[in-house]
Every structure is written in C-alpha cells, then in structure tokens.
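Engineer: return atomic coordinates for the entry below.
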Amino acid sequence: MSKLPANPATGLRVDQWLWAARFFKTRSLAKQAIDGGRIDVNDAGCKPAKALHVGDMLRISRGEERLEVEVLGLSDKRGPASVAQALYRETESSRVAREAAHEQRQLVGVSGPLKRPDKHARRDLRRLKDAR
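Structural biologist: All right, here's what the predicted structure looks like:
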C-alpha cells in the first residue's frame, strides 16, 4: 500500500491535519478530541475521517484554550513548527479572546496546580507554628 499525498480536491482527514499542524502531539489524541466533541468544522461536529479542505473553519478547544482557525493549506506530514503554522491562520476575534482569557487567568492567580511546599517553606511553616 502506498500512501498518496494529500490532494486539495479530495481533502485530508481532520485528525491527520490537526496532527500535522501541531495542535495535538499524536493522531490518537487528535482523534480523541474529535470524538469528545472538542473540534468543530464549519460550525458542525465532525468525525476523524471527515475530509478537510482549504478555506474550512475549525473551532478547537484544548483545555482552557479556545481557538478558531482557517485552513490555509493541507499536509499529511508533520514538519517543523514554522511549516505547520503556515497551514492555518487564527481569526482576529479568536486571538483577542484567547489573550483576554489568559490575562484573566493571570489576574485570578490560577497559573497551575498548587505545589507542595519545598524544604525552606516547610521550615518556615514549622517556625510559624512553634511561635504560637
């Protein structure tokens, strides 16, 4: 079986394109996101084998991040990030909303999971408790 290159007339599988455009680390993660309803193509749900064409709009949800991108090119090969970024263009409204959400999370102070105190913090906590 020979693997044919992507033909813009026939399209490319959505899970392959998401992987090649570096939205997901593996095709199986891209497939799980599609099956979980976190990927919409042209404002409708899709399946991993749906044919993607140049000009399609994708709405991608990854964790807290929401992206809306337009497909500019098709590739079934995963290359460097600079090449992958040429495959899509994020809409201006999506970029502004994503940056605003990022700033809001920083203001609230939710930067990640809480960490256990390190050696010095534990020592300070013991001193504080003993001072009572």
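Engineer: what stretches of this structure score poorly on pLDDT?
Structural biologist: 1-9, 110-113 (pLDDT under 70).
Engineer: let me see the ranges of the strands in it.
Structural biologist: Assigned by DSSP state E, the chain shows strands spanning 12-13, 39-41, 44-45, 51-52, 57-62, 65-71, 88-90.
Engineer: so which of these is the most packed in?
Structural biologist: strand 12-13 (a mean of 22; mean count of other CB atoms under 10 Å). In this view, the C-beta of every residue, glycine as well, is placed from N, C-alpha and C.
Engineer: thinking again about what came up before, could I get the strands of the chain as TSV with distance to Arg78?
Structural biologist: TSV is the format used below for these (distance: least, CB to CB, whole Å):
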stretch	distance to Arg78
strand 12-13	13
strand 39-41	18
strand 44-45	25
strand 51-52	15
strand 57-62	17
strand 65-71	16
strand 88-90	14
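Engineer: quick one, which of these is nearest to Asp118?
Structural biologist: strand 65-71 (29.3 Å; CB to CB).
Engineer: elements contacting the closest one?
Structural biologist: Where contact means 3 or more CB pairs under 8 Å, 6 or more residues apart in numbering; DSSP states H and E, strand 65-71 is packed against strand 57-62, strand 88-90, helix 92-108.
Engineer: for the ones you listed, which one sits closest to Glu68?
Structural biologist: helix 92-108 (3.8 Å).
Engineer: check which residues of stretch 91-98 are buried.
Structural biologist: 94, 98 (16 or more other CB atoms under 10 Å).
Engineer: roughly how far does Ser82 sit from Asp130?
Structural biologist: Distance, Ser82 to Asp130, using CB to CB, to the nearest Å: 56 Å.
Engineer: make CSV from the helices and strands packed on strand 65-71 and add distance to Lys50 to it.
Structural biologist: CSV is the format used below for the helices and strands packed on strand 65-71 (distance: least, CB to CB, whole Å):
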stretch, distance to Lys50
strand 57-62, 11
strand 88-90, 16
helix 92-108, 21
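Engineer: I'd guessed Arg13 sits against His53; true?
Structural biologist: No - Arg13 is beyond contact range of His53, at 11.7 Å (criterion: CB atoms under 8 Å).
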